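A.B. asks: Turn this into a model:
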Amino acid sequence: MSWFRRHLNWALILVWVGCILSLNLGVLVMDVSILPWLCGLCVVVVYFTAGWVLRQKGRSLWWLALLGLGLVVALFLEGARETNGGDA
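C.D. replies: A predicted model of the protein is given here:
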């Protein structure tokens, strides 16, 4: 049995940390125009890893919808901010 199968939660956390570090490193080393592609790649990797973890735990893959719902809610909350013409 591999370490990743014995420690499913840690495997998911390591993928999250790896994505965050790669995004930070990508911004520092590469051109900023690569950031959207790198973010998209990280989202796909996290979704696949979360799906693998859920499958190993015997849970339904519908729980992945909560992860996507959180991203959509965050986008709507960011767009709802109103600013007036004066100083903030």
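A.B. asks: Every contact and neighbour count from this point should use C-alpha atoms.
C.D. replies: Fine.
A.B. asks: Neighbours of residue 59, how many?
C.D. replies: Using other Cα atoms under 10 Å as the criterion, residue 59 is surrounded by 11 other residues.
A.B. asks: Same question for residue 61.
C.D. replies: For residue 61, the neighbour count with other Cα under 10 Å is 13.
A.B. asks: Residue 62 is in contact with residue 55, correct?
C.D. replies: No. Using Cα atoms under 8 Å, residue 55 is not in contact with residue 62, being 10.8 Å away.
A.B. asks: who's in contact with residue 19?
C.D. replies: residue 42 (Cα atoms under 8 Å, 6 or more residues apart in numbering).
A.B. asks: could you check the distance from it over to residue 35?
C.D. replies: Taking Cα to Cα, to the nearest Å as the criterion, residue 19 is separated from residue 35 by 12 Å.
A.B. asks: And residue 21, by the same measure?
C.D. replies: The spacing between residue 21 and residue 35, counted by Cα to Cα, is 13 Å.
A.B. asks: between those two, which one's more packed in?
C.D. replies: Remark: of residue 21 and residue 35, residue 35 carries more neighbours, 15 against 12, as counted by other Cα under 10 Å.
A.B. asks: surely the more buried one meets residue 28?
C.D. replies: No. Shown here, residue 35 and residue 28 do not form a contact pair, counting by Cα under 8 Å, at 10.4 Å.
A.B. asks: quick one, phi psi at residue 31?
C.D. replies: phi -70, psi 150 (degrees, to the nearest 10).
A.B. asks: What about it, how many residues nearby?
C.D. replies: Using other Cα under 10 Å as the criterion, the residues surrounding residue 31 number 9.
A.B. asks: Spit out the contact partners of it.
C.D. replies: Taking Cα under 8 Å, 6+ apart as the definition of contact, residue 31 has no neighbours.
A.B. asks: Look at it and report its pLDDT.
C.D. replies: Per-residue confidence for residue 31 comes out at a pLDDT of 78.
A.B. asks: Brilliant, that's me finished.
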